[in-house]
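A.B. asks: need a structure here:
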Amino acid sequence: MQAKEKNYRLRFGVIGVGIQGEKHVKILSTHPLVEVVSICDVNPERLKEVSQKYGINKTYIDYEEMLAKERLDAVVVATPDHLHLKPVISALENGINVLLEKPMATKLDDALKMAEEAKKRGLLLYINFSNRFNPPFAIAHKKFREGELGKPLYAYFRLSDTIYVPTKMLSWASKSSVVFFLMSHTTDLARWIFNDEVRKVRAYAHYEVLESLGIRTPDYVTAVLEFRKGGRVVLESSWILPETLPSIVDFNMEIIGTRGAIYINNTFQSIAVANATRHYYPKPIVLEEVNGRFTGFVKESIFHFVDSLASKTEPLIKVKDGVENTRVLEAIVESYTRNTEIVLEENR
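C.D. replies: Next comes the predicted model:
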């Protein structure tokens, strides 16, 4: 990004304005240093809806056209999990910084191509592992970094969704899985909190419920990650929890260290609501409008990218974090597919 005049606002575009993409539009529109100038989506009706809701006049069906025509400082890529490579590479080739929704990719080769292109062009490629800004997990990271709980030895992460997600929310569930959609979060948190790289993976998956509905993706996956320094982490993710639960997302963690332990329940966020038709848990820690202002860790991660771009400082989340995350996720899939332990390269 070239040096700008004092009152210059960063010009953003957003590719993919589904559920997550709209959150980016909403949040970016509140940042004083940002102007969302254009959005792109393959669904014309959705494009019209979001553009009218947020007053964005420039809309595109083809992201290549948007990237070529608009003078952008940065673009958000919030396309489905398996469709990240082409828009990211195109944005980078056009000299545009990228905020990429997790997972970085569903193939390690794709992640490596993106990382190489960003490095070659000296551009910022930020993978939105937003849970690093989620207060309970950030506190866990801090407690271990400061030595209060000693060295992390063992952790258990459970992040699952109700069956609503693969059957009603995502039209492309069969092109992804709980590994990329959910374990991308927990794998990143494990690497971050343990401050180490994974050396071995053993994973198991089960196909039954979703497959019977014509959705070829695992019902659940469990994985054991072994780190270079000896730490172990168990990951568990499912896409078949009942819709009758009060939260679409079930998220819990425990970490045992050499001098203590920490326990996090991120499912219940201090508030439960029961109306005439249902009982549910709002998510104020995730994203909520409070007295006319947005708050939550989703906002904080996006604002961090903007602030890093504006100040030309290195962000908390590096390109390597996305690459190593994808490496582990690919190993999880390979492990349960081949029914064997996968040893990752040591000198990477």
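A.B. asks: next one: phi and psi at Ala111?
C.D. replies: Dihedral pair for Ala111: phi -60, psi -40, per degrees, to the nearest 10.
A.B. asks: that one: neighbour count?
C.D. replies: Using other CB atoms under 10 Å, Ala111 has 27 neighbouring residues. Backbone N, C-alpha and C define where each C-beta goes, glycine included.
A.B. asks: pLDDT wise, what is it at?
C.D. replies: pLDDT recorded at Ala111 is 98.
A.B. asks: and for Glu346?
C.D. replies: 72.
A.B. asks: now do the contacts for the closest residue in space to it that isn't next to it in sequence.
C.D. replies: Counting by CB to CB, 6 or more residues apart in numbering, Glu346 lies nearest to Arg199, which is 6.7 Å off, once chain neighbours are set aside. By CB atoms under 8 Å, 6 or more residues apart in numbering, the contact set of Arg199 is 226-228, 343-344, 346.
A.B. asks: grab the most central residue of this structure for me.
C.D. replies: Lys102 (3.2 Å; CA atoms, centre = their mean).
A.B. asks: just checking, that residue touches Ile127?
C.D. replies: Yes. Between Lys102 and Ile127 there is a contact at 5.8 Å, judged by CB atoms under 8 Å.
A.B. asks: which residues do these two both contact?
C.D. replies: Jointly contacting Lys102 and Ile127 under the rule CB under 8 Å, 6+ apart are 322, 325.
A.B. asks: separate out the buried members of the contacts of Arg199.
C.D. replies: 226-227, 344 (16 or more other CB atoms under 10 Å).
A.B. asks: which of those residues sits closest to Gln52?
C.D. replies: Leu344 (47.4 Å; CB to CB).
A.B. asks: give me the phi and psi for that closest one.
C.D. replies: Given degrees, to the nearest 10, the pair of backbone angles that Leu344 has is phi -90, psi 150.
A.B. asks: please shift the residue numbers so they start at 17 in all later answers.
C.D. replies: Understood, numbering begins at 17; the last thing we discussed is Leu360.
A.B. asks: list the residues that contact it.
C.D. replies: Counting by CB under 8 Å, 6+ apart, Leu360 touches 213-217, 343-344, 347.
A.B. asks: how about CSV for those residues, with secondary structure, pLDDT and distance to Tyr296 added?
C.D. replies: What follows is the contacts of Leu360, written out as CSV (DSSP: H, G, I helix; E, B strand; the rest coil; pLDDT from 0 to 100; distance: CB to CB, whole Å):
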residue, secondary structure, pLDDT, distance to Tyr296
Glu213, coil, 97, 38
Val214, strand, 98, 35
Arg215, strand, 97, 41
Lys216, strand, 98, 39
Val217, strand, 98, 35
Arg343, helix, 98, 37
Val344, helix, 98, 33
Ala347, helix, 98, 36
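A.B. asks: nearest to Val53, of those?
C.D. replies: Arg343 (35.1 Å).
A.B. asks: can you report how many residues lie near the closest one?
C.D. replies: Arg343, neighbours per other CB under 10 Å, totals 20.
A.B. asks: now do the strands in the stretch 67-216 of the chain.
C.D. replies: 74-76, 90-93, 113-117, 141-144, 168-177, 214-222 (DSSP state E, counting those that start in this stretch).
A.B. asks: sweet, I'm off.
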